[in-house]
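K.L.:
Kindly return the folded structure for what I paste below:
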Amino acid sequence: MAHFTTPEGKHYEAEHATVRELLDQWHLKKAIGMTVGGEVVDCDKVFTEDTEFTPLFPDCEQGLDLLRHSTAHLLAHAVLRLWPGAKFGIGPAIKDGFYYDIRFPQPISDDDLPKIEAEMRRISQEKIPLVRSELSKDEAVKKFSEMGEDLKVELIEGIEGETLSTYTEGDFTDFCRGPHVPHTGCCKFFKLLSLAGAYWHGDENNEMLTRVYGTAFGSEDELKAYLKRLEEAKARDHRKLGRELDLFSLHPEGPGFPFFHPKGMVIMNTLQALWRKEHTKRGYVEIKTPMILDRALWLRSGHWDHYKENMYFTEIDGEPFAIKPMNCPGGILVYKNDIHSYRELPMRVGELGFVHRHERSGALHGLMRVRAFTQDDAHIFCTPEQIKDEIKAIMELDRYFYQDVFGFKYHVELSTRPEDSMGDPKLWDLAEQCLKEALEETGTEYKLNPGDGAFYGPKIDFHLEDCIGRTWQCGTIQLDFQMPEKFDMTYIGKDGAEHRPVMLHRTVLGSLERFMGILIENYAGAFPFWLAPVQARLLPVAQDYIPYAEETAAKLREAGIRVEIDQRDEKLGKKIRDAQLQKIPYMLVIGAKEAENGTVAVRERSKGDMGSMTFDEFIAQTKTEYNPL
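P.N.:
Predicted coordinates:
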């Protein structure tokens with residue numbers, strides 16, 4: 001007899017048992033699966049030896065992934081009932097939900113989503129078991145060929161291995177490695193969100209399928225809270241606010257290449273001014289390297305072998321060149337221009353470099369995913385003994401920007417050697433150990449992402465959380481022993497001999513364009529005073545007071561305040577409403593009394609009327625606003 005137990009003390013003895021049987025035996029009605037040794041196990045797997053099971057609920061990452069993957073199957077099942085001629089691609093769980101790529105027999109629209117949802121609910125109520133079967137590869141090809149599922153057949157033929165698995169729920173069978181929930185009744189709280197076009201295998205040369213996006217949770221309250229956040233996110237969409245606040249625009253003449261308007265450039269230039277100020281304080285110097293460099297450089301750096309698909313190319317004087325996707329090779333050439341002593345190290349070299357990377361058209365998204373952006377790069381050249389102190393200093397700089405300046409919460413992830421890495425694995429091990437020790441010595445909690453490092457080194461990534469709970473990956477610290485080897489970089493040590501420096505690649509804000517998009521959505525366009533494109537708008541109540549408004553505006557500009565005048569012949573109420581919609585921090589009303597007394601009537605966008613102030617009093621009021629510059 002085998003003994004099956006849970007950490008809570010539930011016990012069952014039998015010669016064999018499946019997860020499905022144990023969930024029923026132990027009356028775990030809210031559990032959607034089990035884990036063994038931390039791994040989710042399939043409901044139909046037969047256990048014959050003593051085993052400890054942990055019930056899995058949809059209140060953790062593993063549970064949500066299981067639930068959402070199974071809800072993707074529920075979606076496909078409903079689609080098949082409604083459109084028997086539909087053919088299916090892939091349907092994975094993703095962050096915050098799931099999707100399924102489907103070839104519909106005729107086009108569908110958002111108006112069809114409620115109909116699909118209703119069918120999904122009917123299937124959920126039927127509590128149909130999800131039953132796993134194992135087939136040989138040939139059997140699987142035959143089975144799905146007979147079903148007319150050519151997309152599935154292509155997937156099966158591209159997978160190595162002789163044994164494959166399928167899952168069947170009623171009259172729907174899907175090719176999938178699983179695992180899944182016991183039955184469709186586990187999938188109760190879901191919502192279909194949107195439709196999009198998706199090229200098969202992400203290749204623009206393939207047919208375009210319809211991608212149906214959805215989300216699922218373990219409770220109705222969680223689903224409602226998430227949908228509320230989505231509505232809030234729509235209201236904060238940086239593309240919408242970018243148009244309304246006249247910050248930037250997107251044009252078909254430059255897909256993936258945003259156009260920044262004067263007000264958007266104020267934000268961009270202010271961010272760069274703060275970046276330069278804080279980096280100068282911390283011992284960085286700034287360089288500027290060319291945007292186009294010889295292909296031979298990219299061959300040597302490894303980008304040609306590992307990053308070519310994301311690069312743009314051109315030809316000069318009959319020779320091949322590449323538009324830089326990263327700033328590091330240019331920074332290395334600057335370092336190698338001179339002989340360096342150990343006394344010069346660490347060298348902290350920053351660059352606000354404009355880089356180009358090829359993104360598929362379907363992946364482009366406002367400022368968040370573009371084809372050209374400004375990267376707030378820095379490359380630190382140091383001795384092995386200086387590595388940890390430099391990493392800690394970068395972490396402190398990140399903390400200052402994220403928490404002190406912008407008020408973001410953030411978490412840290414450590415990514416290790418990927419499959420396509422270059423260089424000596426021993427150097428990789430050393431680099432990973434240095435990053436781990438720096439995190440642990442500073443008491444920094446982190447999540448491990450095995451195999452997700454850059455091709456030239458492991459990295460620490462910083463993920464910011466905005467005011468509605470979304471996370472954004474911004475800063476990174478990459479520890480690189482490989483580039484110094486490839487470029488034969490050296491410094492003269494205390495012993496007079498040549499030594500190899502270590503290279504740290506790092507960003508704080510990451511892509512400035514993307515960071516600006518994050519700020520637009522985080523603040524819903526209501527930027528803090530120091531960052532606002534227009535800090536004050538003068539509102540003369542009649543045309544007679546425009547001369548005094550112009551005089552006041554000139555004095556405010558001289559005091560460093562970004563100001564504009566609403567000279568329209570409109571009622572004051574409309575001018576105030578428009579200034580509020582433009583999210584301007586201060587509105588300065590000017591009428592007869594203000595013109596006569598040399599004052600302004602101050603309104604603050606969130607506090608409302610603040611009363612009459614002299615010029616000096618208003619300047620003193622602005623000095624109370626936080627300003628990291």
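
K.L.:
With adjacent residues omitted, what lies nearest to residue 235?
P.N.:
In this structure, residue 235 finds its nearest non-sequential neighbour in residue 524, 7.0 Å apart by CB to CB, 6 or more residues apart in numbering. Just so you know, the C-beta spots here come from the backbone N, C-alpha and C atoms, and that holds for glycine as well.

K.L.:
Thought residue 237 was touching the one you found, still the case?
P.N.:
No - the criterion here is CB atoms under 8 Å, and residue 524 misses it with residue 237 at 9.8 Å.

K.L.:
related to what we said a few turns ago, residues near the residue nearest to residue 235, how many?
P.N.:
Applying other CB atoms under 10 Å, we find 16 residues neighbouring residue 524.

K.L.:
Residue 150: what's its closest spatial neighbour, skipping adjacent residues?
P.N.:
Residue nearest to residue 150 in three dimensions, not counting chain neighbours: residue 87, with 6.6 Å by CB to CB, 6+ apart.

K.L.:
For that neighbour, give me its contacts.
P.N.:
102, 103, 148, 149, 150, 151 (CB atoms under 8 Å, 6 or more residues apart in numbering).

K.L.:
ok, of those residues, which one's closest to residue 297?
P.N.:
Proximity of the contacts of residue 87 to residue 297 (CB to CB) peaks at residue 151, which lies at 41.5 Å.

K.L.:
I'd assumed residue 198 was in contact with the closest one.
P.N.:
No - the criterion here is CB under 8 Å, and residue 151 misses it with residue 198 at 11.9 Å.

K.L.:
where do the contact lists of those two overlap?
P.N.:
Shared contacts of residue 151 and residue 198 (CB under 8 Å, 6+ apart): residue 89.

K.L.:
so residue 401 sits in a helix?
P.N.:
Yes - Residue 401 sits within a helix when classified using DSSP: H, G, I helix; E, B strand; the rest coil.

K.L.:
Name the nearest residue to it, ignoring sequence neighbours.
P.N.:
residue 508 (5.4 Å).

K.L.:
Correct me if wrong: that neighbour contacts residue 474.
P.N.:
Yes - between residue 508 and residue 474 there is a contact under CB under 8 Å: 7.5 Å.

K.L.:
what's the burial count for residue 616?
P.N.:
With other CB under 10 Å as criterion, residue 616 counts 9.

K.L.:
who's in contact with residue 110?
P.N.:
Residue 110 sits next to 194, 195 when contact means CB under 8 Å, 6+ apart.

K.L.:
and with 7 Å instead?
P.N.:
The contact partners of residue 110, taken as CB atoms under 7 Å, 6 or more residues apart in numbering, are residue 195.

K.L.:
Give me the residue at the spatial middle of this structure.
P.N.:
residue 472 (4.0 Å; CA atoms, centre = their mean).

K.L.:
ok, residue 219 - contacts?
P.N.:
Each residue near residue 219 by CB under 7 Å, 6+ apart is listed here: residue 189.

K.L.:
buried residues in the longest helix along the chain?
P.N.:
In the chain, assigned by DSSP state H, the helix with the most residues is helix 61-82. Neighbour-count burial for helix 61-82 flags 63-81 (criterion: 16 or more other CB atoms under 10 Å).

K.L.:
just to revisit the earlier point, please name the bridge partners of the residue nearest to residue 150.
P.N.:
On DSSP bridges, the residues paired with residue 87 through beta bridges are residue 103.
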